[in-house]
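Peer 1: Turn this into a structure:
(one chain, ligands or ions: 1)
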Amino acid sequence: MSDVDGVIEAHRDWIAHERAKQRPRLRLDPRVVSEADARRAARELVTMLVEEEAEELGVRWARIEIRDQRTRWGSCSTRGNLSFNWRLVLAPFDVLDYVVVHELCHLREPNHSRRFWKLVESRRPDWRVHRDWLHEHGPELLAFRPAA
Ligand SMILES: [Zn+2]
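Peer 2: Down below sits the predicted model:
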């Protein structure tokens, strides 16, 4: 082990701590976001995107629900009922768009198979960026509770 490795080894915890601090925070203010407004906006945007994208994918959907899920962003039942987390409206638009496209692709490919991801990629070639955004900021967004 060289001296440099030794130094890095000794500072590993410190480096991890500094990296974590540098991670950008969303800084959502519970005082200025109303859940009712956010839900309304989520419904409007999601409905618009579902209508557009379902046509492109040639799939039929039954219902759209906007929910207060604690651990997930969206889901899709075999009957074509789509559910989305209202907090998606607080994420960048492209992230919301990715989640909608992801769930609609499940109407053609129910599992996360290779075919499923190929389909997602054909519709949103940069889907990984949005998935990564959700990995990074998702926990903070899911923990968000408006004051009102
Ligand atoms: Zn999925």
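Peer 1: all contacts plus neighbour counts: C-alpha atoms, from now on.
Peer 2: Fine.
Peer 1: Show me the helices in this structure, by range?
Peer 2: According to DSSP state H, the chain carries its helices in the segments 3-10, 12-22, 35-57, 93-105, 114-123, 127-142.
Peer 1: how about low-confidence regions in the protein?
Peer 2: Low-confidence segments of the chain (pLDDT under 70): 1-26, 148.
Peer 1: Now do the contacts for residue 106.
Peer 2: Applying Cα atoms under 8 Å, 6 or more residues apart in numbering, we find residue 106 in contact with 76, 116.
Peer 1: how much space between it and residue 74?
Peer 2: 11 Å (Cα to Cα, to the nearest Å).
Peer 1: got it, and residue 60?
Peer 2: Distance from residue 60 to residue 74, by Cα to Cα: 17 Å.
Peer 1: okay, those two: which has more neighbours?
Peer 2: Using other Cα atoms under 10 Å as the criterion, residue 60 and residue 74 rank with residue 74 on top: 20 against 16.
Peer 1: Check the contact between the more buried one and residue 103; I expect there is one.
Peer 2: Yes - counting by Cα atoms under 8 Å, residue 103 is a contact partner of residue 74 at 6.7 Å.
Peer 1: any residues in contact with both of these two?
Peer 2: The contact sets of residue 74 and residue 103 overlap at residue 82 (Cα under 8 Å, 6+ apart).
Peer 1: quick one on the thing from earlier: got CSV for the helices of the chain, with distance to residue 80 and mean neighbour count too?
Peer 2: Listed next are the helices of the chain as CSV, based on distance: least, Cα to Cα, whole Å; neighbours: other Cα atoms under 10 Å:
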stretch, distance to residue 80, mean neighbour count
helix 3-10, 52, 10
helix 12-22, 39, 11
helix 35-57, 11, 16
helix 93-105, 9, 22
helix 114-123, 16, 15
helix 127-142, 22, 15
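Peer 1: Redo the ones you listed as CSV? Include distance to residue 78.
Peer 2: Below are the helices of the chain laid out as CSV (distance: least, Cα to Cα, whole Å):
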stretch, distance to residue 78
helix 3-10, 50
helix 12-22, 39
helix 35-57, 15
helix 93-105, 11
helix 114-123, 15
helix 127-142, 23
